[in-house]
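S.K.: What follows is a predicted structure for the sequence shown.
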Amino acid sequence: MDVRQPLAVEAAPYPFSFDPAETALVVIDMQRDFLEPGGFGESLGNDVGQLRKVIGPLRAVLAACRAAGMTVIHTREGHLPDLSDCPPAKLLRGSPSARIGDPGPKGRILVRGEEGHDIIDELRPEPGEPVIDKPGKGAFYATEFGDLLISQGVHKLVVTGVTTEVCVHTTVREANDRGYECLVLSDCVGSYFPEFQRAGLEMIAAQGGIFGWTAPSEVFLAALAEAPATSRPV
Ligand code: C5J
């Protein structure tokens with residue numbers, strides 16, 4: 001008989017319970033293209049410095065989840081070098097200073113294999129941690145993410161990364177529709193726009209948790225620290 005008790009995080013709109021053995025930490029798009037000058041984020045006119053405050057808290061969460069033996073999955077938004085997986089509607093949208101596929105200081109903008117497309121050094125995946133390359137904003141669309149969650153026996157997600165109102169929201173909404181319960185860590189997700197950060201977090205937990213829960217990382221870390229050694233996967 002399994003006598004493990006789930007852990008509880010003091011979250012909004014009410015406590016989020018989880019078993020670390022069946023929960024994945026998802027780190028969304030912490031790529032140079034979004035966080036460093038000369039990439040996709042800056043080409044759209046954004047102040048990329050806004051996202052850097054996420055790095056410190058997310059490093060602490062990543063370390064704790066790894067130590068607890070939780071599944072850790074990273075994602076990267078980007079396209080094949082021939083851009084065959086980039087719909088014209090995305091490629092031609094707006095009037096950025098540089099478009100997807102154009103050359104930039106860190107290689108071609110938002111193209112797989114380029115320096116700018118990769119995850120920042122501070123949050124580099126460890127060997128064995130899956131990295132999902134996605135052409136869209138959501139992690140499920142046109143990727144192996146859904147199958148991976150099923151094969152790993154994952155039922156709940158702790159979601160982090162950038163940006164709150166775009167790829168984080170899209171992924172959490174996709175996950176919610178597929179039956180996953182998602183906790184979004186409020187200081188481990190970031191937006192270029194402070195007002196979108198606030199509203200984006202409020203939307204998730206509004207209406208009784210319409211598509212998820214939110215909590216600061218320190219509260220999640222406190223709950224994870226309660227995990228008995230025996231409940232940790234090896
Ligand atoms: C955007 C993302 N904002 N990772 N991508 O285009 O949120």
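M.R.: That came through, no problem. Residues are numbered from 1 along each chain as shown.
S.K.: The longest strand anywhere in the chain: what's the following helix or strand?
M.R.: Of all segments of type strand in the chain, defined using DSSP state E, the longest is strand 181-190. The C-terminal neighbour of strand 181-190 among helices and strands, as given by DSSP states H and E, is helix 194-209.
S.K.: residues making contact with whatever helix or strand comes next after that following helix?
M.R.: Sequence order places strand 213-215 as the next helix or strand after helix 194-209, per DSSP H and E. Applying Cβ atoms under 8 Å, 6 or more residues apart in numbering, the contact partners of strand 213-215 are 9-14, 16, 181-186, 201, 204-205. For the C-beta atoms, the positions are set from N, CA and C on the backbone; glycine is no exception.
S.K.: Show me which of the residues you listed are buried.
M.R.: Buried members of the contacts of strand 213-215, counted by 16 or more other Cβ atoms under 10 Å: 9, 11-12, 16, 181-186, 201, 204-205.
S.K.: Out of the residues you listed, which is nearest to the ligand?
M.R.: Nearest to the ligand, judged by Cβ to the nearest ligand atom, of the buried ones among the contacts of strand 213-215 is residue 184 at 13.4 Å.
S.K.: Partner strands of the longest strand of the chain, with direction?
M.R.: Under the criterion DSSP bridges, strand 181-190 sits next to strand 156-162 (parallel), strand 213-215 (parallel) in its sheet.
S.K.: and the ligand, which of those is closest to it?
M.R.: Distances from the ligand to each of the strands paired with strand 181-190 were compared using Cβ to the nearest ligand atom; the shortest belongs to strand 156-162, at 5.5 Å.
S.K.: what does the closest one rub up against?
M.R.: Judged by Cβ under 8 Å, 6+ apart, the contacts made with strand 156-162 from elsewhere in the structure are 18-19, 22-30, 34-35, 51, 54, 58, 61, 65, 75, 149, 167-168, 171-172, 175, 180-185, 188-191, 212, 220.
S.K.: So for the spatially most central residue of the chain, what's the pLDDT?
M.R.: Centrality entry for the chain: nearest residue to the mean C-alpha point is residue 28, 2.4 Å, by Cα atoms, centre = their mean. Confidence per residue is given as pLDDT, and for residue 28 that number is 99.
S.K.: That one is in contact with residue 140, isn't it?
M.R.: No: using Cβ atoms under 8 Å, residue 28 and residue 140 do not qualify as a contacting pair, with a distance of 12.0 Å.
S.K.: Bridged to the nearest residue to the residue nearest to the centre of the chain once chain neighbours are set aside, which residues?
M.R.: Once flanking residues are discounted, residue 28 sits nearest to residue 161: 2.9 Å by Cβ to Cβ, 6 or more residues apart in numbering. Assessed by DSSP bridges, residue 161 has beta-bridge partners residue 28, residue 189.
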